[in-house]
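A.B. asks: Show me how the following folds:
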Amino acid sequence: MRTLTILLLLALLVPSVAAADWSPARALSPADRETYVAGLAVDGRDRPAVLLETRRAGGWSLGLRTSDGGGLRAPIEIAATRNSVEGAGLFGGRGSDLVAGWLEIVNGSRRPVVATGPRLADRQVLAPGPRSTQVMRMAADRRGDAVVAFWRYDSNVYSIYAAYRPAGGRFGAPQLVATGSVSNPAVAIDQDGAAAVAWTDRDGGHVAERRAGATGFDAAVAVPDARRPASEPGVAIEGGRIVVSWVVGAISEQRVVLASERPSVTATFEAPAAVSAPTKVPHWINPRVSLVNGQALVAWVQGVPHTTAHDRAALAIRSGDDAWRPPIVRSVRAPAHVYYVGLLGAAPGRPPILAMTTSRAYHFGLATATLRDDATLGPSRALATGGDAGFAPWLAQGRHRAWLATERTVGSGPHAHRQALLFRS
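C.D. replies: You can find the predicted model right below:
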């Protein structure tokens, strides 16, 4: 239930490094209250805001904590529900503007909900009944332009809808962008407000673009490949350049990570190219894609068949029109292995962050590594969570700092709770 958006590297097979890049954890919730992070945002003045989901008598409360300049204010309740929600993210625009999204049971069916404004007071339910919404993805730029895509089904018919919000405004009516045997969507937006929605089907990848200033999404463009996709896509967009990536190959076979690029608005997508050698890619892994500082980045997890012991993080890089470089592969010290990766590279002028969840018998840990200007990875920085970490932490970049929010397990057995934490670089 707790996905969402972006992480990488614990104790690597290099000399052990202290967690000097990250502050000590700041508790965002009491240790005795079951609390999950549903989103993290940072504005241009490095002020964080966090969306928290807390269990309470009879249901759950969705609360917003914002910065007062020196700390975080007490939570403001945004929504109260009988059932837990699934956060799609929290994003900061100009000034104190915020954008958030989540899936919530509304009138008996799961609905995509968005909220905007400094206190997220302007709430919209984007898809009235009766069909249920299973997946929701969201992205926003630093101005506050935002895009959301969601996947719905009716019997054996699957559809993807997308909606757009201009900075300071409301989301427009959702637009149908795909119908058929489509995967879950991926979304991206650039600093000019151009947005992309991507998905896969049996024929390859597909991308629908909404150009900056346009009133709707263009018809989807196919990126065909003879090999059937075996994952959801990852997608990134910046200045007319789009990169989309997915995995091909059956679970029982060696698999390959593909990437295709459209260099400019007037160009067409290149034929998908392999950015990995044939390798094991766990079935739960979808490529993570970013475009920043002129570089295209694709991250995933790879290993050897029939075991997780050697699962490692991999990062492929392409600079400009150059060919894709052989991936950088990182291992963690046994008996832990890499379980999940995230990639944060959406802040111009800030270094991309490769982040990872590691697993030791399903006890999760977290760490990060920064991509240097020479396209090498810096040392890995473990996060001292003080307990089993959340599966997929949230990352956000400010002007001068990065922030990370996750949970840790407090206690054991039937009395164990999840406590929300915040770290500052």
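
A.B. asks: What ranges in the stretch 51-200 of the chain fall below the confidence cut-off?
C.D. replies: Along the stretch 51-200 of the chain, no part satisfies pLDDT under 70.

A.B. asks: same thing but at 90, please
C.D. replies: Along the stretch 51-200 of the chain, the model assigns pLDDT under 90 to residues 57-58, 68-71, 95, 107-109, 127-132, 134, 153-157.

A.B. asks: Helices of that one, start to end?
C.D. replies: For the stretch 51-200 of the chain, no helices are identified by DSSP state H, counting those that start in this stretch.

A.B. asks: Strands of that one, residue ranges please.
C.D. replies: Taking DSSP state E, counting those that start in this stretch as the test, the strands found in the stretch 51-200 of the chain are 59-66, 76-81, 86-92, 98-106, 109-116, 122-125, 132-140, 146-154, 157-165, 175-180, 186-189, 195-201.

A.B. asks: What is the neighbour count of Ala49?
C.D. replies: Per other CB atoms under 10 Å, the neighbour tally for Ala49 reads 25. Every residue, glycine included, has its C-beta placed from N, CA and C.

A.B. asks: measure Gly398 to Thr279 for me?
C.D. replies: Distance from Gly398 to Thr279, counting by CB to CB, to the nearest Å: 35 Å.

A.B. asks: Asp388 now?
C.D. replies: For Asp388, the distance to Thr279 (CB to CB) stands at 28 Å.

A.B. asks: One more: Leu422?
C.D. replies: Leu422 sits 35 Å away from Thr279 when distances are taken as CB to CB.

A.B. asks: Same check on Thr200?
C.D. replies: According to CB to CB, Thr200 and Thr279 sit 19 Å apart.

A.B. asks: pLDDT value on Val17, please?
C.D. replies: For Val17, the pLDDT comes out at 33.

A.B. asks: What of Leu10?
C.D. replies: Per-residue confidence at Leu10 stands at 33 (pLDDT).

A.B. asks: Check the one 4 residues further on too.
C.D. replies: Val14 is assigned a predicted lDDT (pLDDT) of 34.

A.B. asks: Pro414 belongs to a helix, doesn't it?
C.D. replies: Yes - assessed with DSSP: H, G, I helix; E, B strand; the rest coil, Pro414 lies in a helix.

A.B. asks: What pLDDT is listed against it?
C.D. replies: Note on Pro414: pLDDT of 82.

A.B. asks: and it, how many residues sit next to it?
C.D. replies: Per other CB under 10 Å, the neighbour tally for Pro414 reads 5.

A.B. asks: what about Ala100, distance to Gly39?
C.D. replies: Using CB to CB, Ala100 is found at 6 Å from Gly39.

A.B. asks: Mind listing the shared neighbours of those two?
C.D. replies: Shared contacts of Ala100 and Gly39 (CB atoms under 8 Å, 6 or more residues apart in numbering): Leu51, Gly87, Ala88, Gly89, Leu90, Phe91.
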